[in-house]
Structure formats: C-alpha cells, structure tokens
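**Student:** Any chance you could fold what I've pasted below:
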Amino acid sequence: TNEPTVLPTKQPTIPPTQSPTPKPTVRPTVRPTAQPTSQPTNEPTVLPTKQPIIPPTQPPTRLSTASGIRVFDSGTLGGKSWSGSLIASGAYSKNNNNSSNRPTTIQLISGDASDWFVGFNNMQVTIIEVKDGTQYFLKGALIAGNSATITNWRDSGLDLVVKVHQINTNASPEYANVEITFGTNPSPSKEPAREPTAKPTAVAIQICPDAYNSSNASKTYKAGSQVEVDAVKYQCKGTLFAFYCALPTFRPKSEDNSLWSMAWEDLGPCSNHQARHH
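**Tutor:** Predicted coordinates:
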C-alpha cells in the first residue's frame, strides 16, 4: 500500500508521568541519634587488681646468687650439718684448680634481718654478720683446730658450731676443711660424782691482774696481756689474735659476743687474798 495501514499517533498512547512516582524523602526516615545509643561506662567494667591475682610461690629471699657461695639452712629443729672444703675467694676463678667446684663462702640462713657468712681468707676461716646490708661485724677468725659457737641460733635454744679441721696453705688452691653443725650439743660423758672423790686440798688462788678496761682496750691489750673479769683471770692469746683482744666487742665473758673466747684464754679464778682451802 502507498500509505501505512495504521496511521501514526500524534501523541504517545500513554502519557508520560510528569514526576517520578515515589518522591524522594526530604530527610532520612530514621533520624540519627544525638548521642551514641550505648553510653560508655565511666570506669572499666572489670577493675584492675592492685596485687597479682596469683601470689608468688615463695617470698623474696636475700639468698646470694654469686658464684662460689653455698647456702646452709639449719632450720630450727637441730640435727643438720654441712662439711666440706672452702677455698680462698681469689682462687675461685681459676677453674683449672677448682674442678670440684668447691665454694668460697657458706651463707647461713639466720631467719631474721641479718646475714651470716663463713669464708676463708687464705689464713683463717672467718665468721661475719651483716646487718641491713651495710654493717659488717667480724664474729670469728679461726685457725685449724679451733671452733666457734653461736649460742641460741635462730632463737631455737640450740647452738650452731663452726669447726675448722684443717687449713692447707701449700695446696693450689689453698683450702680449709670446715664443719658446721646445728643442734648437736654433746651431752656429759659421765654422771657427776655424788660425793667428793678425794679430801679437799689447799688450792693456790692466783692473784688477779688489773680489771678489764673497755675504754682503753685498743691501746692497752695485746698478745700476753692479762685482765680480771668477775674474779677470773684471762690472758690474750698469741699474736694471731691480738687484734681481737683490742676490740671491746671481744671483752671476756661478753654477753653480746659468744666468740670472745677465740681471743682470750680463761686462766681460772683469781683473788687479791692469800690461798684458801676448798
């Protein structure tokens, strides 16, 4: 056909919409909250612990970790001991001569604020008490065959004894054989006699020397010096101990230092009167 069978429409059969059918919202449908929906807590929900939740397995100690130091904890019940060789501290680093790993010092656990050490200085076995980590007190200086007794150790009513069996200064390294015992005080070997075994005899009582004078001890007392304390005569031992005789802390019969007998020898009772009968 010369013309279309259906005439074209002049306008769309479906008129277009003038605006989108769903109108956009002017504002969000859900308004934002002015503040966070969940307010933060003022403090942590779980308060931090002021101390560790799990306590330490044991309290801090003052045990030395230095090489060459061994620890002897006697406890308070008695019956414990230590024995062995101590070498001089200067020789400890010579590993070739210390293959047995012998100690230089024994630390005694005292149970209080003080520390006690038994050591060897090439000549003597020394006993030193350290208070507050700064104050050092020499409590004993022993040669071979000597012993020192610390009474009422750790308030136990028992004594701690340090005995030197041998000192060898010809070995390399030099060493001292030492024994430390606690609570093994010897008992009397025999019962005391109920009656005198012999008739009383006249006993010569020695004349007392001058009384001990602590205020002048450092200038007066040396090896061989004799003094009187409580009607007993004492004499300062050999030159090796003269230094301690000059220390007031080593006064004969001192109640504060049981090691005074290391420096002074008890010569027996004395008097300023004539001999008498016993």
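**Student:** Enumerate every residue touching Ala141.
**Tutor:** Ala141 is in contact with Gln124, Val125, Thr126, Ile127, Phe241, Tyr244, Met262, counting by C-beta atoms under 8 Å, 6 or more residues apart in numbering. (C-beta placed from N, C-alpha, C; glycine too.)
**Student:** and Phe117, bridged to which residues?
**Tutor:** Gln107, Ile128 (DSSP bridges).
**Student:** Please apply the same query to Lys233.
**Tutor:** Beta-bridge partners, per DSSP bridges, of Lys233: Glu228, Gly268.
**Student:** Is there a neighbour count for it? I'd like the number.
**Tutor:** Neighbours of Lys233 under the rule other C-beta atoms under 10 Å: 21.
**Student:** Can you give me every residue that contacts it?
**Tutor:** Applying C-beta under 8 Å, 6+ apart, we find Lys233 in contact with Gln206, Cys208, Pro209, Gln226, Val227, Asp266, Leu267, Gly268, Pro269, Cys270.
**Student:** Could I get these in a markdown table, plus columns for neighbour count and distance to Asp155?
**Tutor:** Converted to a markdown table, those look like this (neighbours: other C-beta atoms under 10 Å; distance: C-beta to C-beta, whole Å):
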| residue | neighbour count | distance to Asp155 |
| --- | --- | --- |
| Gln206 | 13 | 38 |
| Cys208 | 18 | 36 |
| Pro209 | 15 | 37 |
| Gln226 | 18 | 35 |
| Val227 | 22 | 31 |
| Asp266 | 13 | 27 |
| Leu267 | 14 | 33 |
| Gly268 | 10 | 32 |
| Pro269 | 14 | 32 |
| Cys270 | 19 | 35 |
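**Student:** would you list those residues in CSV and tack on distance to Lys80 and pLDDT?
**Tutor:** Formatted as CSV, the contacts of Lys233 follow (distance: C-beta to C-beta, whole Å; pLDDT from 0 to 100):
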residue, distance to Lys80, pLDDT
Gln206, 42, 87
Cys208, 42, 92
Pro209, 42, 91
Gln226, 39, 91
Val227, 37, 92
Asp266, 30, 88
Leu267, 35, 89
Gly268, 35, 89
Pro269, 37, 91
Cys270, 40, 90
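**Student:** Please tabulate the residues you listed in a markdown table and include distance to Lys163 as additional columns.
**Tutor:** Output for the contacts of Lys233, formatted as a markdown table (distance: C-beta to C-beta, whole Å):
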| residue | distance to Lys163 |
| --- | --- |
| Gln206 | 30 |
| Cys208 | 32 |
| Pro209 | 31 |
| Gln226 | 28 |
| Val227 | 27 |
| Asp266 | 19 |
| Leu267 | 24 |
| Gly268 | 25 |
| Pro269 | 28 |
| Cys270 | 30 |
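**Student:** What are the boundaries of the strands in the stretch 101-250 of the chain?
**Tutor:** 105-108, 114-120, 125-131, 135-142, 147-150, 160-168, 175-182, 202-203, 206-207, 226-229, 232-236 (DSSP state E, counting those that start in this stretch).
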